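Visitor: take this sequence and fold it.
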Amino acid sequence: MKIRFPLYSFFLAVLAGLIFDISATAQPFSLTKEEMEYYTGRWQGERFPDGRPKVSDDIIRRMRYVSVTEAWQILNGMSDNEGQGAISFGEMRRPTYSNQYYGGFKMMREDVVICGRASTIQFMPYRPDLNAFIQQKGDKEGRSRGQYVWGIDQLQAGDVYVANVCEGILDASHVGDNLGTTIWTKTGNGAVIRGTLRDLYGNLGVDPKWNVMVRDFRPQANSSNLVVGINCPIQIGYATVMPGDIVLGTREGVVFIPPHLAQRVVETSERTRLQDVFAHAGLREGRWTAQQADGGFTPAMNEEFTQWLIKNADNMKKFFEDEPEAAPSPEFIKAYAKERMEAAKARPQQR
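Guide: The predicted structure follows:
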C-alpha cells in the first residue's frame, strides 16, 4: 500500500527540525528555551529570548541594600506549597529555601556588592572523548575553539557570571584580566567563581566597580577542563543555582534568590529596615528596652511607628545618612503605612 505524506505534514516536519536545531546546544546539560521555562516555572514575569527569567532592574537595584543574612533568613522561612516530593529517604516535611547560601569566598573588593541575574556555566575535568563531541557541536554552531569563553560570549547587561570550575584542576585559574575585562564590559557587573582567579592586580585595574568572589587567587592559567552546561542548574558549594536567580554577594558570602521570591525578599527587608531605623532612634533616646526594639513593639510603639512612617515618607533619606539610597521609596513607605493602619483596624481592640 502506498503511504501518503501530505504537504502540511512535510512542512511540520521541517519546522520541527528547525526548532530542534535552534534549541540545540553544544553542551549536554544546557537547557533549551522550553526546558528553561519549565524548570523556572514559578516565575511568571518577563524573560530573556532564551527563556531565562528577567527580574526587573528596580528589584535588583533595591536588592543591593538587602544584607545576605536578611536574604537567607527570609528564604529559610519560605516554602512552595504545591508539587513537593520527598526531601530524602521518603521523608515528607515542609521544605524551605535553606540551601541558597554559601560562604568561604575571597572577594577581590570587599566593599563592592555583587548583585544581578545569574548566568551560569558548569565545567568538568577534561575527558578527551566527551570533549571531542562537545567541540564538534560547538564548531557547527560557530562557537570559538576556546570553550572557556562560551559562557562569557552570551552574557547580557546586568548579568552576574556564576561559574563552577570543578574546584580548578591543579588550581589553574579560569579568569584573568582579559576575561575579567570582557565580563565587566558586557555586564557592568561582577562574577562568582567556584574556582580561582589569576592576574589579580590586572583585574583590580579593570574598573573600580568590577568585583569577583572566588575560592582563591592563583597565577596558573586555565587548563584541563571542559564545558558541559551553559545556563543550566549548577552547584556552588552547597547551594543550588538556577539561571536567572538573583545573586547577592557581600563579605558575608553569597545568596542565590529564586526569581519568584525576589520581590518578597526585597519588600520584607525594606519593612524590617524601616522598623530598625525607628527602633534604633528610640534606643538611643533611652525610651525603649532592647527587647522592645528587637521585635517586641508595644501597641503604643506600633502606633507611633505608623505615624512616623506617614510623617517621614517623603524625606526618609535623612534617616539613612551613610547610604541614602537604602531608604525605601516614598510610594513603598506610604503603602506600608496604609497596610499597617488597615491591619490595626482589623485587630480586636485591647482593653
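
Visitor: please enumerate the strands of the protein.
Guide: Secondary structure of the chain (DSSP state E): strands at 101-102, 106-107, 114-125, 159-164, 191-197, 212-217, 225-230, 234-236, 239-241, 246-250, 253-257.

Visitor: out of those strands, nearest to Pro324?
Guide: Taking C-beta to C-beta, strand 114-125 is the member of those nearest to Pro324, at 17.8 Å. In this view, the C-beta of every residue, glycine as well, is placed from N, C-alpha and C.

Visitor: which neighbours does the closest one have in its sheet, and in what orientation?
Guide: Strand 114-125 pairs in its sheet with strand 159-164 (parallel), strand 225-230 (antiparallel), strand 246-250 (antiparallel), by DSSP bridges.

Visitor: out of those strands, which gets the lowest mean score?
Guide: Among the strands paired with strand 114-125, strand 225-230 carries the lowest mean pLDDT, a mean of 92.

Visitor: quick one: that one to strand 191-197, angle?
Guide: Per axes from the mean of the first three to the mean of the last three C-alpha atoms, to 10 degrees, the angle that strand 225-230 makes with strand 191-197 is 170 degrees.

Visitor: returning to what we had before: dump the strands of the chain into TSV; add mean neighbour count and distance to Pro95 as well.
Guide: Listed next are those as TSV, based on neighbours: other C-beta atoms under 10 Å; distance: least, C-beta to C-beta, whole Å:
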stretch	mean neighbour count	distance to Pro95
strand 101-102	22	16
strand 106-107	17	31
strand 114-125	24	21
strand 159-164	27	23
strand 191-197	25	24
strand 212-217	22	27
strand 225-230	22	25
strand 234-236	20	18
strand 239-241	20	12
strand 246-250	26	20
strand 253-257	26	16
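
Visitor: to Gly41, which of the strands paired with strand 114-125 lies closest?
Guide: Closest of these to Gly41 is strand 246-250, at 17.1 Å (criterion: C-beta to C-beta).

Visitor: and the contacts of that closest one?
Guide: Strand 246-250 is contacted from outside by 55, 59-60, 63-64, 66-68, 71, 105, 107, 113-118, 160, 162, 190, 192, 211, 213, 254-257, 259, 262, using C-beta atoms under 8 Å, 6 or more residues apart in numbering.

Visitor: re the thing from before, out of the strands of the chain, the one nearest Tyr39 is which?
Guide: If we rank the strands of the chain by C-beta to C-beta, the stretch that ends up nearest is strand 239-241, at 11.3 Å.

Visitor: once you drop chain neighbours, what's closest to Phe29?
Guide: Gly229 (3.5 Å; C-beta to C-beta, 6 or more residues apart in numbering).

Visitor: surely the one you found touches Pro28?
Guide: Yes. Counting by C-beta atoms under 8 Å, Gly229 touches Pro28, with 7.3 Å between them.

Visitor: mutual contacts of those two, please.
Guide: Applying C-beta under 8 Å, 6+ apart, one finds that no residue jointly contacts Gly229 and Pro28.

Visitor: and the gap between the residue most central in space within the chain and Gly116?
Guide: Closest residue to the average C-alpha location of the chain: Ile246 at 2.0 Å, with C-alpha atoms, centre = their mean. As judged by C-beta to C-beta, to the nearest Å, Ile246 and Gly116 stand 7 Å apart.

Visitor: now swap in Asp80 and tell me
Guide: Separation of Asp80 from Gly116 (C-beta to C-beta): 24 Å.

Visitor: cool, and Ala281?
Guide: Using C-beta to C-beta, we find Ala281 at a distance of 33 Å from Gly116.

Visitor: one more: Ala335?
Guide: Distance of Ala335 to Gly116, given as C-beta to C-beta: 26 Å.

Visitor: who are the contact partners of the closest residue to Asn203 other than its chain neighbours?
Guide: Leaving aside its sequence neighbours, Asn203 sits nearest to Gly180 (C-beta to C-beta, 6+ apart; 4.3 Å). Listed by C-beta under 8 Å, 6+ apart, the contact set of Gly180 reads Ala191, Leu197, Asp199, Gly202, Asn203, Val206, Trp210, Val212.

Visitor: farthest pair in those?
Guide: Pairwise distances across the contacts of Gly180 (C-beta to C-beta) peak at 14.5 Å, for the pair Ala191 and Gly202.

Visitor: helices of the stretch 1-150 of the chain, start to end?
Guide: For the stretch 1-150 of the chain, helices defined by DSSP state H, counting those that start in this stretch occupy the ranges 7-23, 33-39, 57-63, 68-76, 128-140, 150-153.
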